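> here is my input, please return the structure:
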Amino acid sequence: MKYGESFFDILYLLLAIGTGLYLLCKGRGKLHRLMGAAALVLGCGDAFHLVPRVLNYFVDKDFTAALGIGKLVTSVTMTVFYILLYYILLKNYDIQNHKAVTAVVWGLSVIRTALCLFPQNQWLTDSSPFLWGVLRNIPFVILGALMVYLFFKHRKEDTAFRNLWLYVTLSFGFYIPVVVGAEVVPMLGMLMLPKTICYLLMLFAFIKKNKTVQNEK
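As a prediction, this is how the structure comes out:
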């Protein structure tokens, strides 16, 4: 188990960070920079949690604090990822005059981040209180639902991003049971693996979009 999960985590981080660097180096224009930044934020942010998780399997040391800080960092960077995903949508579909929706996206993101920073989350302990786990994820789930709606609305306008709404939907579908029930049923934590695959599919969509744009030039 530990070898399989560790291999998967390391592979995911390499793919995420590699995708970000590739898009930033090879792509041209604001859309490519946004996609590259999103991939890097995703990979580097998750590394704060996954690297201590992998080390915890093989090193005889207490990684409780490192894992807790990693979860905090990942919670914040995942929020940043969705902000960038929103701006990717605006740029890709050339959406104008979206001030109200933009305000909602930033409002939800600020609330989510603020809730994550409250000491009541007890990040440095073995487990975070259930109530705060739910509270900090309410604005995050709403933000995700908004992204699903927006990408679904424009799904027929771009083949590269056609299924992004589905990947976001599935990622939250796998994530929510973990938040709600993992403390009672630890096996639910395994749902984080298919959740991670959904994020890889998002990154592959970025690569596909990059190739589509290059072929059009």
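
> show me what the least confident helix or strand in the chain by mean pLDDT is packed against.
Within the chain, no helix or strand scores below helix 192-216, which has a mean of 88 by mean pLDDT, DSSP states H and E. Identification of packing neighbours for helix 192-216 by 3 or more C-beta pairs under 8 Å, 6 or more residues apart in numbering; DSSP states H and E yields helix 2-26, helix 30-58, helix 164-181. C-beta here means a position set from N, CA and C on the backbone, and glycine is covered the same way.

> and if we set it to 10 Å?
Applying 3 or more C-beta pairs under 10 Å, 6 or more residues apart in numbering; DSSP states H and E, we find helix 192-216 packed against helix 2-26, helix 30-58, helix 64-92, helix 164-181.

> C-alpha coordinates for the strand or helix carrying Leu108, CSV please?
For Leu108, the host element (DSSP states H and E) is helix 99-117. Extracted in CSV, the C-alpha atoms of helix 99-117 (Å, rounded to 0.1, in the frame of the first residue of the first chain):
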residue,chain,number,x,y,z
LYS,A,99,-17.8,41.9,-12.4
ALA,A,100,-20.6,40.4,-10.2
VAL,A,101,-19.4,36.8,-10.7
THR,A,102,-15.8,37.9,-10.2
ALA,A,103,-16.8,39.5,-6.9
VAL,A,104,-18.5,36.3,-5.8
VAL,A,105,-15.4,34.2,-6.8
TRP,A,106,-13.1,36.4,-4.8
GLY,A,107,-15.5,36.7,-1.9
LEU,A,108,-15.8,32.9,-1.5
SER,A,109,-12.1,32.5,-1.8
VAL,A,110,-11.4,35.1,0.9
ILE,A,111,-13.9,33.5,3.2
ARG,A,112,-12.5,30.0,2.6
THR,A,113,-8.9,31.2,3.2
ALA,A,114,-9.9,33.1,6.3
LEU,A,115,-11.7,30.0,7.7
CYS,A,116,-8.6,27.9,7.0
LEU,A,117,-6.5,30.3,9.1
